[in-house]
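Student: below are the sequence and a predicted model; questions follow.
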Amino acid sequence: MPNSDPLPSLVVKINKNHLAFEAAIMELSNWVEHRGSADVADNVRGALWTIDRNQEFIKMTLAVLMAPE
């Protein structure tokens, strides 16, 4: 019987959005840095570091949620 719980699929989609936002923000951070605002770019990268650190937990949790029973 297929898993009818939509939660794992929802979490996967949210995670994909999270990764896309992270990439977009990094691009903006690089753009800002090249225009002379290194302090702002460093602050943004600091926030992205936290996101990246949490990504490991998200990946592990997804693996558990998506594992066959």
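Tutor: Received it, and whenever you're ready, just let me know what you need. What you see is a predicted model, and the numbers here were worked out from it, not measured in a lab.
Student: how about the helices in this structure?
Tutor: Under the criterion DSSP state H, helices of the chain are mapped to 7-34, 38-66.
Student: roughly how far out does the first one sit from the chain middle?
Tutor: The one in question is helix 7-34. Helix 7-34 has its C-alpha centroid displaced from the chain centroid by 5 Å (Cα atoms, centre = their mean, to the nearest Å).
Student: could I get the buried residue list for it?
Tutor: Buried positions in helix 7-34, judged by neighbour count with 16 or more other Cβ atoms under 10 Å: 26, 29, 32, 33. The way it works is simple: take the backbone N, C-alpha and C, and place the C-beta from them, glycine included.
Student: including mean pLDDT, could the helices of the chain go into a markdown table?
Tutor: Formatted as a markdown table, the helices of the chain follow (pLDDT from 0 to 100):
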| stretch | mean pLDDT |
| --- | --- |
| helix 7-34 | 89 |
| helix 38-66 | 87 |
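Student: ok, of the buried residues of helix 7-34, which one's closest to residue 4?
Tutor: residue 26 (36.7 Å; Cβ to Cβ).
Student: the closest one touches residue 48, doesn't it?
Tutor: Yes: under the criterion of Cβ atoms under 8 Å, residue 26 makes contact with residue 48 at 6.1 Å.
Student: which residues touch residue 45?
Tutor: Residue 45 sits next to 26, 29 when contact means Cβ atoms under 8 Å, 6 or more residues apart in numbering.
Student: now do the one 3 residues further on
Tutor: Neighbour list for residue 48: 22, 25, 26, 29 [criterion: Cβ under 8 Å, 6+ apart].
Student: of those, which is the nearest to residue 53?
Tutor: Closest to residue 53, out of all of these and judged by Cβ to Cβ, is residue 22, at 11.6 Å.
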